[in-house]
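no sequence on hand, only this structure:
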């Protein structure tokens, strides 16, 4: 008896659930048919004025920063553009549809505005749309989920400690206008961060234009998504700045090598080749433009210092080798002076006089080497400090 009673209760409960689901499905289908049947293009006025345009609110949700190519000046990102507008023909009374206040409908069944990023380098208009959310007061919200590639003017003056601002211009493609009721955009928890760029902020701006076409001028109300990015500079500091700073100090150390070693020129040429390698790496990652970055100027300074050290070393080597020749350098000058006066200096022979002059010449060259080491060391440190501070 109890078993029959339990089975009867279960059967009744199952039938109630089935009837309720069928009723709910029928109500949703009827509501969808009600909305779709009344969908009309919300632009009916053909006069050219701001008052005749249909207002569409724009919002944005950033999802990921894909990258910013300095050489091609292309900014890639992914996000969700949210468009919302009011269509009174799609409104309904919740009491007529089982107290349903909101419903989602496939976007291809509804009219939707075209969202175009006119500074895009690939596809201007996005066509990837999620299901639309419709509220009973007639407010329709459409979600455009896509990855975008837009042009971005790069300022590499402070590379690699630079900040870049990239604008995405959303232009309306019909008889409606875009506007945004907010300025600051919050970053969601599921935002994917980039390894090279830190997203400082995302802002929305309203901009108005008058587009002249032949004898007419069309008003254009647009929304601009403004990204502010800051580069992570640790990689460039460790891979470029630190090695170049060390090389510039080693470049000054050539004046600590004794002239007798014969390794001064090979040492300097090796450092100059290293500079050329770093210059090639930096120039391959930076855009070709008239503006020079501080890093480029710093590299040119250290290369110039390397060239000056090579010329100074050549001059000192010539002085050293000339001091050991009978007619060269300081020795020749001393011998000519002694012969003209026909007086032997300190009653010494000519050989002892030559040896003494050569010794003095080597001592003076060593002093010049020490002085040049201090000059080039201070120059290397000063160039690095100016680059980092300013």
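Received, thanks. On a predicted model such as this, the values are computed, not experimentally measured, just so you know.

end to end, how far does stretch 211-221 reach?
As for stretch 211-221, its first-to-last residue distance stands at 10 Å under the measure Cα to Cα, to the nearest Å.

most centrally placed residue in the protein?
Centroid-nearest residue in the chain, with Cα atoms, centre = their mean: residue 68, separated by 4.7 Å.

my read: that one touches residue 197, true?
Yes: with contacts counted by Cβ atoms under 8 Å, residue 68 reaches residue 197, the gap being 5.9 Å. C-betas here are computed from N, CA, C, even on glycine.

between the two, what contacts are shared?
Common contact partners of residue 68 and residue 197 (Cβ atoms under 8 Å, 6 or more residues apart in numbering): 164, 229.

picking that back up, that's a helix at the residue nearest to the centre of the chain, yeah?
No: counting by DSSP: H, G, I helix; E, B strand; the rest coil, residue 68 is not found in a helix; it is strand.

how about the helices in the protein?
2-37, 234-236, 242-252, 264-285, 294-323, 329-341, 350-389 (DSSP state H).

where in the protein is the helix or strand with the lowest mean pLDDT?
Every helix and strand in the chain was compared by mean pLDDT, DSSP states H and E; the lowest is helix 329-341, with a mean of 44.

would you single out the least confident of the helices of the chain?
Mean pLDDT values for the helices of the chain show the minimum at helix 329-341, a mean of 44.

for residue 294, which non-adjacent residue is closest in space?
residue 387 (5.7 Å; Cβ to Cβ, 6 or more residues apart in numbering).

please name the residues that touch that neighbour.
By Cβ under 8 Å, 6+ apart, residue 387 lies in contact with 241, 294, 295, 297, 298.

farthest-separated two in these?
Largest separation among these by Cβ to Cβ: 241 and 297, giving 13.2 Å.

more neighbours: which of the two?
residue 241 (18 against 13; other Cβ atoms under 10 Å).

any idea how far the more buried one lies from residue 160?
Residue 241 sits 8 Å away from residue 160, going by Cβ to Cβ, to the nearest Å.

what do you get for residue 142?
Taken as Cβ to Cβ, the span from residue 142 to residue 160 is 40 Å.

do the same with residue 192
Taking Cβ to Cβ, one finds residue 192 at 22 Å from residue 160.

who has more neighbours out of these two?
Neighbour count, other Cβ under 10 Å: between residue 192 and residue 160, residue 160 has more, with 21 against 10.

ok, back up a step: need the contacts of residue 387 in TSV (columns: distance to residue 221).
As requested, these are exported to TSV (distance: Cβ to Cβ, whole Å):
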residue	distance to residue 221
241	46
294	40
295	41
297	43
298	45
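
and residue 148, how many neighbours?
Neighbourhood size, residue 148 [other Cβ under 10 Å]: 21.

bridging residues for it?
Beta-bridge partners of residue 148, counted by DSSP bridges, are residue 77.

which residues touch it?
By Cβ under 8 Å, 6+ apart, residue 148 lies in contact with 76, 77, 78, 79, 117, 120, 126, 168.

the fifth one is in contact with residue 168, isn't it?
When you say that, I think you mean residue 117. Yes: assessed by Cβ under 8 Å, residue 117 is found in contact with residue 168 at 5.4 Å.

which neighbours do those two have in common?
Here residue 117 and residue 168 share the contacting residues 148, 150, scored by Cβ under 8 Å, 6+ apart.

run the chain-centre distance for stretch 90-106.
Relative to its parent chain, stretch 90-106 has a centroid offset of 46 Å by Cα atoms, centre = their mean, to the nearest Å.
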